[in-house]
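S.K.: Sequence first, then the predicted structure:
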Amino acid sequence: MIDPAVLLDGVTRTYGDGDAKVAALHQVSAAFPMGSFTAVMGPSGSGKSTLLQCASGLDRPQSGAVRVAGQDITRLPEKDLAVLRRDRIGVIFQTFNLVPSLTAWQNVVLPSRLARRRPDPARVRELLRRVGLGDREGHRPAQLSGGQQQRVAIARALLSRPEVLFADEPTGALDRATGHEVLELLREAVDEFGQTVVMVTHDPEAAARADAVLFLTDGRIVDLVQRPSAEQIGLRLGGRA
Ligand code: ADP
């Protein structure tokens, strides 16, 4: 059997102690097949962000294992994890982590430069155009709106074509047209380049672009719906389907 791109096996992540102890994730097991696009949905506080943080190696669960590209990242030494994250994982998080002194273009190419790769300028230009920043290449983060900064982060995550792309509300701060373009980019990453996308979203229409939707409640997976329509997702979120 081919390894899934990402595998969570009995992952538990708790915060706090004693009475204040919260299980953000409770014994969560899920497999994200290679070349699949999965949306993660659920009420606020259900553990979506924690799932993404654990799956991307930004956070380590107390128990259980997380395998990415065949490696158990919960047991990897920090240095090896940093290399795996740099070379094989892309993240689009709500905190954009852009370098303030660099332009949009320079921020997009920075990870590739650090990995001693030579990014193709035509591709950088194309990505910036598709996220609606074709005329903002030379702007620094402070000269861009929150939504524009997020789009720089999206272009940055897509540039190296990482095997796995984790995205936390990538369309949350965007207008409809740009949000649509970003979803197209994610869909294309999966369909044309065989990348694996795991995306947290509150938007049923965004989730309907995914191959499957994983629903979380109170740190547990409560449902997995394949090929959902926006209507099905809306009903499921309403608790009726
Ligand atoms: P979601 O992304 O679905 O809104 P989170 O993964 O952010 O949910 O949070 C899940 C639960 O874990 C919530 O009850 C939240 O309060 C708690 N939690 C998340 N991060 C922390 C933290 N750093 N410290 C304490 N509790 C946290």
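M.R.: Everything's here; your move.
S.K.: in stretch 6-25, what counts as buried?
M.R.: Residues of stretch 6-25 classed as buried by neighbour count (16 or more other C-beta atoms under 10 Å): 6, 7, 8, 9, 11, 12, 13, 14, 23, 24, 25. Every residue, glycine included, has its C-beta placed from N, CA and C.
S.K.: can you tell me which of the residues you listed are up against the ligand?
M.R.: residue 24 (C-beta under 6 Å from any ligand atom).
S.K.: Which members of the buried residues of stretch 6-25 are positioned in strands?
M.R.: 6, 7, 8, 9, 11, 12, 13, 14, 23, 24, 25 (DSSP state E).
S.K.: I'd assumed residue 66 was in contact with the second one.
M.R.: Which is residue 7. Yes - taking C-beta atoms under 8 Å as the definition, residue 7 is a contact partner of residue 66 at 7.1 Å.
S.K.: hey, where'd the strands end up in this structure?
M.R.: Using DSSP E, strands in the chain cover 6-15, 22-32, 37-41, 63-68, 71-72, 89-92, 164-168, 196-200, 212-217, 220-226.
S.K.: Run through the neighbouring helices and strands of the longest one.
M.R.: I take that to be strand 22-32. strand 6-15, helix 48-55, strand 63-68, strand 220-226 (3 or more C-beta pairs under 8 Å, 6 or more residues apart in numbering; DSSP states H and E).
S.K.: so which of these comes closest to residue 145?
M.R.: Judged by C-beta to C-beta, the one of those that comes nearest to residue 145 is helix 48-55, at 22.6 Å.
S.K.: mind listing what's buried in the lowest-mean-pLDDT helix or strand in the chain?
M.R.: Least confident helix or strand of the chain, by mean pLDDT, DSSP states H and E, is helix 230-237 with a mean of 86. The neighbour-count check on helix 230-237 (16+ other C-beta under 10 Å) flags 232, 233, 234, 236, 237 as buried.
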